[in-house]
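Engineer: Okay, structure incoming, though there's no sequence with it:
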């Protein structure tokens, strides 16, 4: 068994859930997270909905949330970009199919498309029935 952890754009969650359900993997956990990658929070285009309209209007090169935070004394958390974290545990043979589908849905070619991590899972137990491992996943 493997755990697939995908950090994706918030606006791609519904499409990702639908795509995974269509290929037979509807079960997952989703969390709201914040972070930044190599671009260091330079995601004004993704953050537009959370900033006042006047902030990005008329600016050729839109400033980053970091700049907005500094200029407007926002808390340091504004330096990080909000994302969604999806976690799904699947049999080993399903990993490639699921990873390819997550990439297909989420790849825009822009900074901030996200990351996928795959990690081994030693055991799974369904609490209600005490089923273990692969049986606990279905």
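Structural biologist: That came through, no problem. Just so we're clear, the structure is a prediction, and the values are computed from it rather than from any experiment.
Engineer: where does residue 37 fall, helix, sheet strand or coil?
Structural biologist: Each residue gets one of three states, and residue 37 gets coil by DSSP: H, G, I helix; E, B strand; the rest coil.
Engineer: Could you verify my assumption that it touches residue 83?
Structural biologist: No: Residue 37 sits out of contact with residue 83 when judged by C-beta atoms under 8 Å, with a separation of 9.8 Å. For glycine as for every other residue, the C-beta is placed from the backbone atoms N, C-alpha and C.
Engineer: ok, these two, which is more surrounded?
Structural biologist: Neighbours were tallied for residue 37 and for residue 83 using other C-beta atoms under 10 Å; the higher tally belongs to residue 83 (25 against 16).
Engineer: Quick one: residues contacting the more buried one.
Structural biologist: Applying C-beta atoms under 8 Å, 6 or more residues apart in numbering to residue 83 gives the contacts 7-10, 32-35, 114.
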